[in-house]
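Participant: Kindly generate the corresponding structure for this input.
(chains A and B)
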Amino acid sequence: MRAMTSAERVGTVLRGGEPDRVPWLLLVTLHGARELGVSIEEYFSDPERVVEGQLRMRRRYRHDCLYGFFHAAIEAEAWGVEVLYRDDGPPNAGAPLARRLDDVLRLEAPRVRDSACLRKVLSALVALKARSGGDVPVIGVALSPYSLPVMQLGFERYLELLHERRDLLARLLAMNEEFCVEWANAQLDAGADALAYFDPVASPSIVPRELYMATGFDTDRRTLSRIRGPAVFHFASARGLPLVDDVASTKAVALTASALEDVGAVKAACDGRLTVVGNLNALEMRRWTPEEAETRVKSTIAKAAPGGRFMLGDNHGEIPWQVPESVLDAIAGAVERHGRYPLE
Amino acid sequence: MPRVEALTELQHDFLQALVSLNGSAAQRFVRDRAAASSPLQALEELVTPALEELGAQWDRGEAALSQVYMGGRLCEQIVDALLPPPGDAPLRSDADRPRMAIAVISDRHMLGKRIVASVLRAAGWKLLDYGHGDADSLAARARADGLDVLLVSALMLPSALEVKRLTGLLSTTVPRVRVVVGGAPFVFDEQLWREVGADACGRNAADALAIVRRLSAEVAACAP
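Facilitator: Next comes the predicted model:
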């Protein structure tokens, strides 16, 4: 089989076919700062640096995407939350906007075009699309309306809102839905080919399925239907297996498997309806030897890649700063050795 | 939620009241048990086993974090109502031994700390709440308060790695302090707690209860 471009490889898998090899979605962000020799804060302050970092990393690791994601806190920043940078990991969202549940009534959604931090991401996506030549899928990220409140309210307050104040919850989700749709479509218009729709709170690890179905699923399904491009339902490390049938009934084209789950079981549950992305353990990766990386890649591919409908990636959506480049090199080599179709 | 065979029928019913957030039923179970035996027995025979089972179910993917949090909060409220007035003898004679504190290190995500604090308090243990801090400030407070046990929660990997600096500081200033860690990085990387020099790791609130019981016995055995 002739070598496919990354775009052809990913497209083939999403259509249910077997490409030349298993697509590898390396969702790496922070390492770009190390490539360029600048601090993480300096790196994300300039979209040109992010573009250069992404292109350099793809040359090195030969993966099948360019990742326009900066960090999760950037959406919270657009809403007015302080962003706290550190020199050894992703920036963190500062104190939540709402200190009491009733403060939800005072929240106002930002407009994407008026938000300097979001415009930086859009600039990066425009440049990534232009410089990829269309051969490499460019991936953007939007936080689900159902998960964004963790940063707007804090986790405890949000759980209390879910259980005790459905009136305020409805108002917040409606506001977040409009913001999410505008933000996601702005990224697609700028050049993203697909979106990772981050929704860890939907996971049964965080709330029971019955609660999610009663409070968040309709919002997610409607939001995904209003996003004008393919989306991966991303649980950001959390378990998603019990929600496979629910996710399959949305417009999402793929979902992630947690490192805590059997990726083969997730693939079987999807039964051709969704493509599975996962599930290398991004935290353990930090101390893998090249031999361990080889073993993990080989076993993950063996479990989930036969028949297609699978893309190899980490389970979290962001490779930790502490993962050495040598491990990413080892994974890249292992994908090429063990991911060729027809599989051994 | 699947039927839990290890629990008695009463414990199971109490757990059901917790996960369905039926506060009045849960309160009634505890009050009736306390009246029939004692408040301490109500905690040990009803509240603690139910919270331990709930934590274990979360670890197995059978319960959600929201249920652990809301259940722990409800138990804390019930136990607060049972507690004797300030100045009276505490519910359990070993409530303040070991001398314990809980903190979040290096970030502001408080949910894990809140869950563990609620569960421990609901089981009758006393503990100080340090909020959040870095390795230096937590080590200084541990020394000033004469702690035996410091429970540390971390959400992000860099925060979890900061525990290594904390255990290094404590080992030179107050070596008797046992450090117990918990949080997502320790769940996803089972070797991490040893790497950062912790004495124990709790994957869930049930683990935290078991570890505190064990450390309490160790501290008592070492007491002069």
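Participant: Off-centre distance for the helix or strand bottoming out on mean pLDDT in chain B?
Facilitator: The least trusted helix or strand in chain B, going by mean pLDDT, DSSP states H and E, turns out to be helix B:39-42, with a mean of 86. Distance of helix B:39-42 from the chain centroid (CA atoms, centre = their mean, to the nearest Å) equals 18 Å.
Participant: what do you get for stretch B:45-53?
Facilitator: On CA atoms, centre = their mean, the centre of stretch B:45-53 falls 12 Å from the chain's centre.
Participant: And stretch A:100-112, by the same measure?
Facilitator: 25 Å.
Participant: can you tell if that stretch touches chain B?
Facilitator: No: applying CB under 8 Å from any CB of the partner chain, one finds stretch A:100-112 separated from chain B by no less than 14.4 Å. For the C-beta atoms, the positions are set from N, CA and C on the backbone; glycine is no exception.
Participant: can you give me the end-to-end distance of that stretch?
Facilitator: For stretch A:100-112, the first-to-last residue distance is 26 Å (CA to CA, to the nearest Å).
Participant: Show me what it is in contact with.
Facilitator: Contact with stretch A:100-112 is made by A:78-80, A:97-98, A:118-119, A:122, A:152-153, A:157, A:160-161, A:164-165, A:168, A:171-172, A:175-176, A:178-179, A:182-183, A:186, as judged by CB atoms under 8 Å, 6 or more residues apart in numbering or on different chains.
Participant: Could you turn the buried ones of the residues you listed into a PyMOL selection?
Facilitator: PyMOL command restricting those to the buried ones, with burial defined by 16 or more other CB atoms under 10 Å in any protein chain shown:
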select buried, chain A and resi 78+79+97+98+118+119+122+152+153+157+160+161+165+168+172+175+176+179+182+183+186
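Participant: Select from the contacts of stretch A:100-112 every entry located in helices.
Facilitator: Within the contacts of stretch A:100-112, residues falling in helices by DSSP state H are A:78, A:118-119, A:122, A:152-153, A:157, A:160-161, A:164, A:168, A:171-172, A:175-176, A:178-179, A:182-183, A:186.
Participant: shaky segments in chain B?
Facilitator: B:1-5, B:83-96, B:224 (pLDDT under 70).
Participant: and with 80 instead?
Facilitator: For chain B, the stretches with pLDDT under 80 are B:1-6, B:82-97, B:107-109, B:222-224.
Participant: Not including adjacent chain positions, what is the nearest residue to residue 141?
Facilitator: Let's take chain A. Leaving aside its chain neighbours, residue A:141 sits nearest to residue A:69 (4.2 Å; criterion: CB to CB, 6 or more residues apart in numbering or on different chains).
Participant: that's the wrong chain, I meant chain B
Facilitator: residue B:130 (5.8 Å).
Participant: cool, residue A:177 as well?
Facilitator: Nearest residue to residue A:177 in three dimensions, chain neighbours excluded: residue A:145, at 4.5 Å (CB to CB, 6+ apart).
Participant: The one you found contacts residue A:173, correct?
Facilitator: Yes: between residue A:145 and residue A:173 there is a contact under CB atoms under 8 Å: 5.1 Å.
Participant: what do these two both touch?
Facilitator: residue A:219.
Participant: what about the residue in the stretch 1-150 of chain A positioned nearest to chain B, how many neighbours?
Facilitator: The nearest approach of the stretch 1-150 of chain A to chain B comes at residue A:89, 3.7 Å away (CB to the nearest CB). When neighbours are counted by other CB atoms under 10 Å in any protein chain shown, residue A:89 registers 21.
Participant: And it, how close does it get to residue A:69?
Facilitator: 15 Å (CB to CB, to the nearest Å).
Participant: go on, residue A:239?
Facilitator: 22 Å.
Participant: Tell me the residues on chain B that lie near chain A, please.
Facilitator: Checking chain B against chain A by CB under 8 Å from any CB, the hits are B:21, B:58, B:61, B:63-67, B:69-70, B:107-111, B:114, B:156-158, B:161, B:184-185, B:187-189, B:191-192.
Participant: now these: which count as buried?
Facilitator: Neighbour counting by 16+ other CB under 10 Å classes B:21, B:58, B:61, B:63-67, B:69-70, B:107-111, B:114, B:156-158, B:161, B:184-185, B:187-189, B:192 among the residues of chain B next to chain A as buried.
Participant: Right, I'll call it a day here.
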